[in-house]
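[1] starting from these lines, generate the structure:
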Amino acid sequence: MKIITRNFLLVAVLLSLSNLASALDDRLVGNWQGQRNKDGKCSYMAWTMKRSLDGKFEIAFYKNPEKTQLLNEERGQWETKGDKISLTTEGVPTPDVYTYTFTDNDTVHVSAIERDPSADCMADYEFTDHRVKP
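    Numbers count the residues shown, from 1 in each chain. Predicted structure coming up:
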């Protein structure tokens with residue numbers, strides 16, 4: 001009986017780990033940077049983003065392209081499903097959802113499709129993130 005219980009628990013753990021792994025597109029893991037278009041639908045901002053394999057993210061927003069004037073920092077969880085990425089920020093009840101398409105291994109085009117009502121911009125907008133090489 002102990003062996004059956006142990007094997008059952010082992011299978012359950014492995015299945016939950018594989019589900020977590022399949023919910024993250026590991027091509028998005030790492031350090032990225034991007035910015036909104038200065039002439040776009042939303043106010044300009046630049047950012048740096050770190051996405052981890054454990055599903056956590058950290059992002060810093062800046063007022064200027066040089067990234068010397070910090071606006072805000074956020075942390076939360078991220079996951080992917082198909083061509084969509086969801087970012088759930090700590091303290092915000094609704095995730096922001098984007099579609100994404102890789103241009104190459106270090107460049108991803110992103111389009112906002114759903115956002116929390118407290119977001120700074122409710123318009124649909126697009127941007128391109130670039131991987132930050134170490």
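
[2] hmm, who's touching the lengthiest strand in the chain?
    Identified as the longest strand of the chain according to DSSP state E is strand 70-81. Contact with strand 70-81 is made by 23-25, 28, 45, 51, 55-63, 85-90, 92, 100, as judged by CB atoms under 8 Å, 6 or more residues apart in numbering. Quick note: C-beta positions are derived from backbone N, CA and C, even for glycine.

[3] repeat for stretch 37-50
    Applying CB under 8 Å, 6+ apart, the contact partners of stretch 37-50 are 30-36, 57-65, 67, 71, 120-121, 123-125, 127, 129, 132.

[4] show me where the chain has strands.
    Counting by DSSP E, the strands of the chain are 30-35, 46-51, 56-62, 70-81, 84-89, 96-104, 107-114, 126-131.

[5] any weak-confidence spans in this structure?
    Applying pLDDT under 70 to the chain flags residues 1-22, 119-120, 122-124.

[6] and the longest strand of the chain, what's buried?
    Glu74, Gly76, Trp78, Glu79, Thr80 (16 or more other CB atoms under 10 Å).

[7] roughly how far is it from the heart of the chain?
    6 Å (CA atoms, centre = their mean, to the nearest Å).

[8] now do stretch 30-44
    Relative to the centre of its chain, stretch 30-44 is centred 14 Å away, using CA atoms, centre = their mean.

[9] measure that stretch end to end?
    One end of stretch 30-44 to the other measures 23 Å (CA to CA, to the nearest Å).

[10] for it, buried residues please.
    Using 16+ other CB under 10 Å as the test for burial, stretch 30-44 gives Gly30, Trp32, Gly34, Gln35, Arg36, Cys42.
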